[in-house]
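[1] Fold the following for me, if possible:
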Amino acid sequence: MNSDKIKKGYEKTGHRALLHSTGLTKKSIEKPFIGIASSFTDLVPGHVDMRSLERQIEKGIHSGGGQSFIFGIPALCDGITMGHIGMHYSLPSRELIADSIESVAVAHALDGLVLLTNCDKITPGMLMGAMRLDIPTIVVTAGLMMTGRYRGEKLTLIKNAFEAVGTYRAGRITEEELSCFQMEACPGAGSCQGLYTANTMACLCEAMGISLAGSGTALANSAKKKRIAFESGERIVDLVRDEITIRKIINETALENAIYVDMALGGSTNTVLHLPAIAYEGGMQVSYDKFMEINSKAPYISPLQPSGDYTMEDLEYAGGIMAVMKAIKPLLKDNITVSGGGILELAELGFVSDKEVIRPMDNPISPEGGIAIIYGNLAPEGAVVKVAAMSENMKKFTGKARVYNSEEEAMKAILGNEIVSGDFIVIRYEGPKGGPGMREMLSPSSALMGLGLRDTVALITDGRFSGGTRGNCIGHVSPEAYEGGPIALIQEGDLIEYDVDIKTLNLLVDEPELERRKKQWVAIEPKVKSGYLSKYIKLVSSAKEGAVCK
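    Residues are numbered from 1 along each chain as shown. Predicted structure coming up:
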């Protein structure tokens, strides 16, 4: 066992003495050492009730014949960090999390890992760290949040809290209603109710086979989730004994299966950052070409919020990820899973109980997947768009550029009623280096929705969007403005056009004029010159490469 490094031989007497000081018996020291990487915190709604799952995982590990060790992992709530300096730390925290997993697991010679996670950057960060180590690993996501209720109406965080800011500003709801939405939109623990980044990643963990069946959509605080936690604890000991490491499960086939499920669900655009980053840590590559190849084959079949009207709770009761995989089974390839069975075997066990929530492949919402990559003179290296969340009449659009060099500038203009129909909002210097940290533009996109501008205004950024964003939003523009990409050359009043059907995005300015502007462009100073973010600026790669630190 890997842990023999710290517990075998007379020369490790001091090591064993320290282990005994934690309460371990001689018999316990002989067992496989299993780390429970827990991102419990009182600060994040998706994580506040992880203590009960820690207990279940511990029980499972001990039942399976292992010895458990809980250690902490940092966790940020994207919703709470949104719209202020905190969001600069969201994506960079993914690297901190990966580094934390690597540091603890290597330093303490752990034999296996159970990753107890839930929210946006925590799940991919933990997977990235585990992929570096290539030891047996299982992911347990803590479960999804129930929908809220107000006078018989279903409430969700994005639609009834973030978008309510614009709705209130437009005078379409009262202050009393706004207050009620605030209190009722998030009724308890769990990852927020729509197919936002946290829930997308939970679903893709199940699709990749690194979580047990049912884990992706089980509700927080449910007995089902507790059972999954216990069984994950038991199963990790088997994986250690059988030497089934994470890279044997998350391989190129698993990543392709994940993208097929992602496209079928119309998941968060953040997966276009996270799946390449996870692949990178495992010595593989997931390119934009791979996303586009699968986009053309995988139909979009599940109208979940923010793209549709159904919630994750509806997906759970419609059959969950096993049912989604059953619906698209002809597109998937078989691969090993942490359960011991193959992914196609699990898919075959799926059952679709609601064909409006999970449609068959011959009756899709769209014949193409929910996420697309588009190119042109404004994004020579690509940009990402959630086609599933766009207005039908806005899939082709030409608009007048309204240029802002930060999210704050854009929000001031939006809430100041300075944006009108036909405008194309540009928010730049928000990329991986320029932001720094590639902030999510949920506040601007939600405000536009609330103000009733969804069908007449578009937004483009070298930053990114929340999984909860809906509307005509184009992100991840590469190269970013900080590095002199074409988005830095846009001027107020320029015309910008896109067409998602033919995957194009162009600034309608002739080449000589663009060359003139490029010669006049002056690079800006880094926005942060000390602390963690200053290091991040120096190391982070482009959005096209997954914004990994190299």
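
[2] need the strands for the stretch 151-300 of the chain, in chain order.
    Ranges of strands in the stretch 151-300 of the chain, per DSSP state E, counting those that start in this stretch, are 153-155.

[3] Okay, helices next: where are they in it?
    Applying DSSP state H, counting those that start in this stretch to the stretch 151-300 of the chain gives helices spanning 157, 163-169, 175-184, 197-208, 223-242, 246-249, 252-265, 271-281, 288-295.

[4] With respect to burial, which of those helices scores highest?
    helix 197-208 (a mean of 30; mean count of other CB atoms under 10 Å). The C-beta positions use only the backbone N, C-alpha and C, and glycine is treated the same way.

[5] Quick one: the helices of the stretch 151-300 of the chain as TSV, columns for mean pLDDT and distance to Gly340 too.
    Shown next, in TSV, are the helices of the stretch 151-300 of the chain (pLDDT from 0 to 100; distance: least, CB to CB, whole Å):
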stretch	mean pLDDT	distance to Gly340
helix 157	89	36
helix 163-169	87	43
helix 175-184	91	42
helix 197-208	98	15
helix 223-242	98	8
helix 246-249	98	11
helix 252-265	98	15
helix 271-281	98	22
helix 288-295	96	27
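
[6] Let's have the ones you listed in JSON lines, adding distance to Glu316.
    Formatted as JSON lines, the helices of the stretch 151-300 of the chain follow (distance: least, CB to CB, whole Å):
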{"stretch": "helix 157", "distance to Glu316": "17"}
{"stretch": "helix 163-169", "distance to Glu316": "24"}
{"stretch": "helix 175-184", "distance to Glu316": "21"}
{"stretch": "helix 197-208", "distance to Glu316": "10"}
{"stretch": "helix 223-242", "distance to Glu316": "9"}
{"stretch": "helix 246-249", "distance to Glu316": "23"}
{"stretch": "helix 252-265", "distance to Glu316": "13"}
{"stretch": "helix 271-281", "distance to Glu316": "20"}
{"stretch": "helix 288-295", "distance to Glu316": "25"}
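
[7] between these, which gets nearest to Lys8?
    Closest of the helices of the stretch 151-300 of the chain to Lys8 is helix 223-242, at 15.9 Å (criterion: CB to CB).

[8] which strands and helices sit next to that closest one?
    Packing partners of helix 223-242 (3 or more CB pairs under 8 Å, 6 or more residues apart in numbering; DSSP states H and E): strand 33-38, helix 50-64, strand 112-117, strand 137-141.

[9] Return the mean pLDDT over the shortest one, rounded to an integer.
    Mean pLDDT, strand 137-141: 98.

[10] Same check on the third one?
    Across strand 112-117, the average pLDDT comes to 98.

[11] ditto for the first one
    Averaged across strand 33-38, pLDDT comes to 98.

[12] returning to that earlier point: out of the helices and strands packed on helix 223-242, deepest packed?
    Of all the helices and strands packed on helix 223-242, strand 137-141 has the most neighbours on average by mean count of other CB under 10 Å, namely a mean of 31.

[13] so what's the residue nearest in space to the middle of the chain up against?
    The residue lying closest to the centre of the chain (CA atoms, centre = their mean) is Thr197, at 3.4 Å. By CB atoms under 8 Å, 6 or more residues apart in numbering, the contact set of Thr197 is Asp78, Cys119, Asp120, Ser268, Asn270, Thr271, Ser466, Gly467.

[14] Just want to check the distance between it and Gly493.
    34 Å (CB to CB, to the nearest Å).

[15] and what of Lys329?
    Shown here: Lys329 relative to Gly493, a distance of 51 Å by CB to CB.

[16] Which one's more surrounded, those two?
    Lys329 (14 against 9; other CB atoms under 10 Å).

[17] picking up where we left off before, want to throw the helices and strands packed on helix 223-242 into CSV with distance to Ile228?
    As requested, the helices and strands packed on helix 223-242 are exported to CSV (distance: least, CB to CB, whole Å):
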stretch, distance to Ile228
strand 33-38, 14
helix 50-64, 8
strand 112-117, 11
strand 137-141, 7
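
[18] which residues in the stretch 401-550 of the chain form helices?
    407-415, 442-450, 511-520, 531-539.

[19] name the helices or strands packed onto the first one?
    Contacts defined by 3+ CB pairs under 8 Å, 6+ apart place helix 407-415 against helix 163-169, strand 396-404, strand 423-427, helix 442-450.

[20] Go again with 10 Å.
    helix 163-169, strand 396-404, strand 423-427, helix 442-450, strand 458-461 (3 or more CB pairs under 10 Å, 6 or more residues apart in numbering; DSSP states H and E).

[21] State the mean pLDDT of that helix.
    For helix 407-415, the per-residue pLDDT averages 95.

[22] now the last one
    Taken as a whole, helix 531-539 has an average pLDDT of 97.

[23] and what of the longest one?
    Over the span of helix 511-520, the pLDDT mean works out to 96.

[24] Now do that helix: everything it contacts.
    By CB atoms under 10 Å, 6 or more residues apart in numbering, the residues outside helix 511-520 that reach it are Asn377, Leu378, Gly484, Pro486, Ala488, Leu489, Ile490, Gln491, Asp494, Leu507, Val509, Asp510.

[25] in stretch 311-323, what counts as buried?
    Across stretch 311-323, burial judged by 16 or more other CB atoms under 10 Å covers Thr311, Met312, Glu313, Asp314, Leu315, Glu316, Ala318, Gly319, Gly320, Ile321, Met322, Ala323.

[26] Out of these, which two sit at the greatest distance?
    Most distant of the buried residues of stretch 311-323, by CB to CB, are Thr311 and Met322, 18.4 Å apart.

[27] How much space separates the residue nearest to the centre of the chain from Leu349?
    Thr197 sits at a distance of 27 Å from Leu349 (criterion: CB to CB).

[28] Over to Asp499?
    For Asp499, the distance to Leu349 - CB to CB - is 41 Å.

[29] cool, and Gly152?
    For Gly152 relative to Leu349 (CB to CB), the value is 35 Å.

[30] neighbour-wise, which of these two wins?
    The neighbour comparison of Gly152 against Leu349 (other CB under 10 Å) goes to Leu349, with 13 against 5.

[31] Please name the nearest non-neighbouring residue to the more buried one.
    Met322 (6.0 Å; CB to CB, 6 or more residues apart in numbering).

[32] dump the residue contacts of that neighbour.
    Met322 neighbours (CB under 10 Å, 6+ apart): 206-207, 213-214, 216-217, 343, 346-352.

[33] from these, which two are the most distant?
    Thr217 and Glu348 (18.1 Å).
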